[in-house]
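Peer 1: Could you look at this predicted model? Sequence included:
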Amino acid sequence: MGLEKFKDRNVGTQNYIKLDLTHPPKDGWSKFKQVLSRAVQPELFVGLWVTLREMNNALFRGKMHTTQYPLEKLPISPRYRAIHDMLRLLESGHYRCIGCGLCEKICISNCISMDTRYDENQRKEVSEYTINFGRCIFCGYCAEVCPELAIVHGGRYENASEQRASFSLFEDMLTPIDNLNLQQEYQGFGAISPNADDNIKKTPLAY
Amino acid sequence: MSEMQSVENMVSIKIDGVEYKAKEGEYILNAARANDIFIPAICYLTRCSPTLACRICLVEADGKQVYSCNAKVKEGMEITTTTPNILEERRAIMEVYDVNHPLQCGVCDQSGECELQNYTLELEVDSQSYSIPDTKRETKNWSSVLHYDAGLCIVCERCTTVCKDMIGDAAIKTTKRGGAALDKSLRGNMPKDAYAMWNKLQKSIIAPSNGTENTDCSDCGECVAVCPVGALVSRDFQYTTNAWDLKRIPATCAHCSSGCQIYYETKPTSISDRTEKIYRVTNEWNYVSLCGAGRFGYDFENRVESKDTKAFANAITAFNKAKVINFTSVITNEEALMLQTLKEKKGIKLINREARAFQIFLDFYSKASGNSLYTTDFKEVMKSDFVMSLGTSLRNDNPNARYAFNNVQKMNKGAGIYFHPVGDTLVPTFGRTIEVFNHKVGYEEAVLLLIIELFADKDKLPNSVKEQLDRAKLVEALGGDSAKFEKSFDKMMKKKEKFSLIVGEDLYFHQKAENIAKLIAVLENCSDIKVAMIPPKTNSLGVALICDLDDEADGFTIGYNASGDFRLSALGDGDLDMPAMNQQEGTLTNMHKRVTPTNAGLDYHGYTLNDIMKEVLSAPTHTIDWTPLLPTDKGFKAIDFDSLPNGYSNDGTENRGYLLDTSTVEVGDIEVNKFDDSIALDGEIAYRCNPQRQFSDFTDKAHQIFEEFALYASPKKAESLGKRVVVEFDNGNLELDVKVDDRMAGDIVAIPDFKSAENIYELFGASRYQKVIIREV
C-alpha cells in the first residue's frame, strides 16, 4: 500500500445529507409559542387515558401485568444456565451419568469432581459427584461436553442460600425418582440440534 | 561400553528425502523413531519380535512396500513414510479396527491414552465402510490382578508378545474366536493389507495358554501396561479414575536391585479425603519391564500426619548413646551416606547382612581381577547370545535378570545354561537350547571350573586352575551326562558371539566366596565372557560402596527398618516414623551400576533421617543435598540431585541418573584353591528365597501382593510334607505353612526372608542353604 492514502487528510468530504432545519426561534415570544405547541398536544391525553385504562383493568378487572415475584415467576428460556440438573433415563429411572469424567476435565473453574468405582454389576458406578458452586461460573461447558446429556443446566436461578453446599450434591441435582414423568428433555446449550439425524452418517451394521 | 556402541556400524538412509544415520541391521521403524520421525505402529514392541498383526507401519523402501517393524535398514535405503496407497491402507486398517469396537469410551479406563482413539483421530477416520456381525465376547478375570475385556480387544498381540519374548511366562496366547467369516467379495475390493489384518483379527482372541480360565503366571502386569486399548486392565485400578486426572511422578522402583524406571500416578483419595493416593504404577514399557512387585506393590507408604516431637527427642537420645545401627538395603544412597558419616564421626558400627556379604564378595573380586566393579550390566546381557546363570534362583531373586535370560533366547537366537541346586520348570521353557544343571549345594566352584573349561583360552589360565579342568568329570559331578552334554553344547555354540554370565546371591553367602570370586576373575581374564552380578537387595550395591560395614557388633542398637533397641521404621511400627521409599527423594544404585533418582510420590509430614542428622551432627537442609557428596572414589559423581535426568530417549537410550565410574588396575596372577566337595550338603535342605513378587516388608505391606510368608516346595515335595511344618535349624525353629510352588522341582524347600521380624538371616547364617529337619505339626 502506498503512502497516498495516508497523505490524503481530507476526511470531511463524504456525502452527508443535510437536514432541512428551520431556524431556531430568536425572541421570547416565538420561544414560548414553540414550547406551547410542542407540549400541549392531544397525545398527552391519549397517554393519560391509557394509564387510567390500565389502572382500571389492573385494580378492578383483575388484569395485572406486573409479575408478582416471588409469588409468581416468568418462564425462562431453555438456554438459560442456572443450577445444574442431573437427568435420569426415562425407561429405567437409572441416572444417566456414566462417570466418564469429561465434565470434570473440561470445567474451566475446576469445580466438578467425581469418584467412580467398579460396582457389583461390573459397571462403572459414580459413587460420589459434587459441583462447587462457590466456583462455578455457569459457562455450560459441562452440559455441552456431556455425551449422555446427563448433566444439564436447569432453571433454578435462585441460588442465594446460607450455604452453597446445599446445591452441590448429586442427589440434590438428580431428578427425584417420583417426578421422573415430569423430567423435561433439555433444549439448551449442548442439546442435540433438531436436525441432528440429518447430520449423522450412520455406521454400517451387519445385522 | 561406549566403545562398543561406536563399533556398531552406522549406515545412512533417507527418510522422506532427508538423510539420517541409523544403526546397521536395525528395523526401519526403530531407525525412524531414533531420528524422531513418526511412523504409526500399533503391534510393535521395542525389544520384542515383530508380530505383523496391525500392518499399519507400512512404508515404502526403495520403491517397495514393506512393514517398517520387520524390515531392516540398508546403506543408502530411501524410505517414504506416506504414499497415497499407504494412506489408503492405513485408513482402511483403522476403519476395520473400529468395526464393532464398543463406543462406550466414557467408561473405558484407557480413554484418553488409548491408541485406538489416537490413531482413529490421527488418520482422520470419520466414516465407516465395513461391517460384520459381532461375536459375543465375555469379560474375564484371569488372575488376582488381570481383567480382560475381550469386547475391547483389537488382538494386536502385544500382550502375548511381551509375555513370551520379555517376561518368559508365555501365559497367554491368541486363540480362536469363532467370529463370522469375511465376505469373500471384500478381497480385492478393499486394501490388501487391511483385508489380511481383518481376516486374522476376525478369527482370534486372547486367552490363557494353559487352556483354563486362569493364567498361570507371575502376575507382573506387563500385559496390562502394553495393552493399547482398555482390554487388559488391573482389577484394582478398573473404573477408579481417568488417565488424565493422574499426576505422574517419575521414580525408581524400590523393591529389588533392578531399580526400574517407574511413574507413581497419584490423585486425591476421594472427594471428601483430599490426601494424595497412588492409583497405579506405570513404566516406559518399550524400554523397561516391571515385575509384579513393582507394578502392584506401590501402597507401602507410611502415612504420618505430623511431627512427633516426643518420639524425635527419644530418637536423638538413642542416637547419642547408640553403638550400632542395624539397617536393610531398602535405603537411599543419601541415607547410607548419613549412616556412614555417623560411623566416621561417632564410631557407630553399621550392620547390614546382605550388603556386607556382597561387599566382601565384591572386595574379593576386585582384588583378584583389578576391576573396581563387575564388568557388565544387564542391558549388555540382553544383547548377548549365550547367557549363563549361576547362584541365583532366576525366577525369584531378580525379575530383570530373568527377563534378560529369557530375552536372549527369544530375540538373539540365543542359548543358555542354568546352574542351580533348586529345580525350576519355567527356565527350560525360555528357549530350545537351554541346558539345566541342578547341581549339589556347594558345587558352585565346580560350575565355574566347567564354564572356564568350556570357554576360556587354556593357554592363559593359571596352573592352579588348569590342573582342575576335566570336562567330562565336571559335567558328571554337576549331575549331567557328559556325552549328551557334549552334543547339545556343540549345538548351543553355533553362531554365538557374545557371552555373558549372571551370578547371584548364593555366591555371596558362601563359605568359599573368596575362591569363587577368584574363579570369576580368572574366567573374565581368560575368556570373552562378561559377568554381571545381582546385588542381593534394593540398594545393596550402593550400601556396599558407600558404607564401611561391620560384621558383628554389640551394644545399644538402632534398627532402621530392622530390629534394634530403638527402631526407626518406614513401616509405621517403630519408635520413630520414617518416610517410605515412595515418600522420599534420593538416589538408588541399581544392578546396572546406575545411580538413579527417585522422587516423592506421596506427602510425608514427619521426621526424616536428615532431621536426626541435623540434631546429632550437622547436616544440610535437605536429604538430597547429600547427593553430590557421595564418594567419588567409589565411582559416584558430584552431581546435584536436581540435575539428574530420569527418562528414556526415543532411540531407547537410558537417561536416568548416571553410570558409576569403574576403574581397572593391573593385578598379578590369581592363585585359586582346589575344589573339594567337603562343604556339599546332603539330605533335607532349606534355601533362603522369596516367592515371586515378595522382596521385603514393603512389598508385603502392599495390598495387592499377597504371597504368604510360608515354606514353598515343589508339588511333589509339598505333598510329602503335609500342611504345616516345623523347620528345625541348628540355632532355632520356625513354624510355617506349606505352600506349593508349581514351578519348583526337586526336594529343596524355599524359606522366604522378606519379613525382617522373623530373623531369617540369623537362622541361615553365612549361607543361603542350610541343612534342616522338617516335621509336620
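Peer 2: Nice, thanks for sending it over.
Peer 1: Find out how far the lengthiest helix in chain A is from the centre of the chain, if you would.
Peer 2: Counting residues, the longest helix in chain A under DSSP state H turns out to be helix A:43-60. Computed by C-alpha atoms, centre = their mean, to the nearest Å, the chain-centroid distance of helix A:43-60 equals 33 Å.
Peer 1: immediately after that helix, which helix or strand?
Peer 2: As assigned by DSSP states H and E, the chain's next helix or strand after helix A:43-60 is strand A:83-86.
Peer 1: Look up phi and psi at the residue nearest the centre of chain A.
Peer 2: Note on chain A: the residue nearest the mean C-alpha position is A:Tyr80, at 2.7 Å, using C-alpha atoms, centre = their mean. Note on A:Tyr80: backbone dihedrals following degrees, to the nearest 10 are phi -70, psi 140.
Peer 1: Find me the pLDDT at it, would you?
Peer 2: With respect to pLDDT, A:Tyr80 scores 90.
Peer 1: Likewise for A:Gln14?
Peer 2: 69.
Peer 1: do B:Lys277 as well
Peer 2: 95.
Peer 1: Excluding chain neighbours, what is closest to it?
Peer 2: B:Thr269 (4.4 Å; C-beta to C-beta, 6 or more residues apart in numbering or on different chains). The way it works is simple: take the backbone N, C-alpha and C, and place the C-beta from them, glycine included.
Peer 1: wait, what's in contact with that neighbour?
Peer 2: By C-beta atoms under 8 Å, 6 or more residues apart in numbering or on different chains, the contact set of B:Thr269 is B:Thr275, B:Glu276, B:Lys277.
Peer 1: In ChimeraX, how would I select the buried members of the residues you listed?
Peer 2: The ChimeraX command for the buried members of the contacts of B:Thr269 (criterion: 16 or more other C-beta atoms under 10 Å in any protein chain shown) is given here:
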select /B:276,277
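Peer 1: So which of the contacts of B:Thr269 are in strands?
Peer 2: B:Glu276, B:Lys277 (DSSP state E).
Peer 1: for the contacts of B:Thr269, which one is nearest B:Glu735?
Peer 2: B:Lys277 (36.2 Å; C-beta to C-beta).
Peer 1: Nearest to chain A among the contacts of B:Thr269?
Peer 2: B:Lys277 (11.5 Å; C-beta to the nearest C-beta).
Peer 1: Quick check: bridge partners of that closest one?
Peer 2: Under DSSP bridges, the beta-bridge partners of B:Lys277 are B:Lys267.
Peer 1: residue contacts, it?
Peer 2: By C-beta under 8 Å, 6+ apart, the contact set of B:Lys277 is B:Thr266, B:Lys267, B:Pro268, B:Thr269, B:Asp299, B:Leu602.
Peer 1: Need the per-residue pLDDT for the first one.
Peer 2: Same thing as B:Thr266. Reported pLDDT for B:Thr266: 96.
Peer 1: residues near it, how many?
Peer 2: 22 (other C-beta atoms under 10 Å in any protein chain shown).
Peer 1: okay, now whichever residue of chain A sits closest to chain B: neighbour count?
Peer 2: Across chain A, no residue is closer to chain B than A:Cys100, which sits at 3.0 Å (C-beta to the nearest C-beta). Using other C-beta under 10 Å, A:Cys100 has 25 other residues around it.
Peer 1: Show the backbone phi and psi for it.
Peer 2: Here is the backbone geometry of A:Cys100 (degrees, to the nearest 10): phi -70, psi -20.
Peer 1: A:Val145 is in contact with that one, correct?
Peer 2: No. With contacts counted by C-beta atoms under 8 Å, A:Cys100 stays clear of A:Val145, the gap being 9.1 Å.
Peer 1: What parts of chain A come near chain B?
Peer 2: A:98-102, A:104-105, A:113-118, A:122-125, A:128, A:130, A:147-148, A:201, A:203-207 (C-beta under 8 Å from any C-beta of the partner chain).
Peer 1: The residues you listed in strands, which ones?
Peer 2: Assignment to strands by DSSP E places the following of the residues of chain A next to chain B there: A:Ser113, A:Met114, A:Asp115, A:Thr116, A:Arg117, A:Tyr118, A:Lys124, A:Glu125, A:Glu128, A:Thr130.
Peer 1: buried subset of the residues you listed?
Peer 2: A:Ser113, A:Met114, A:Asp115, A:Thr116, A:Arg117, A:Tyr118, A:Lys124, A:Glu125, A:Thr130.
Peer 1: can you tell me how far the second one sits from A:Ala82?
Peer 2: As defined by C-beta to C-beta, to the nearest Å, A:Met114 lies at a distance of 21 Å from A:Ala82.
Peer 1: swap in B:Ala517?
Peer 2: Taking C-beta to C-beta, one finds B:Ala517 at 78 Å from A:Ala82.
Peer 1: can you check B:Arg55 too?
Peer 2: If you measure B:Arg55 against A:Ala82 using C-beta to C-beta, the figure is 53 Å.
Peer 1: Looking at those two, which is more packed in?
Peer 2: B:Arg55 (22 against 15).
Peer 1: now stretch B:497-517: how far from the chain's centre is it?
Peer 2: Computed by C-alpha atoms, centre = their mean, the chain-centroid distance of stretch B:497-517 equals 19 Å.
Peer 1: Start and end of that stretch, how far apart?
Peer 2: End-to-end distance for stretch B:497-517: 24 Å, by C-alpha to C-alpha, to the nearest Å.
Peer 1: Which positions within that stretch qualify as buried?
Peer 2: Under 16+ other C-beta under 10 Å, the buried positions of stretch B:497-517 are B:498-510, B:512-517.
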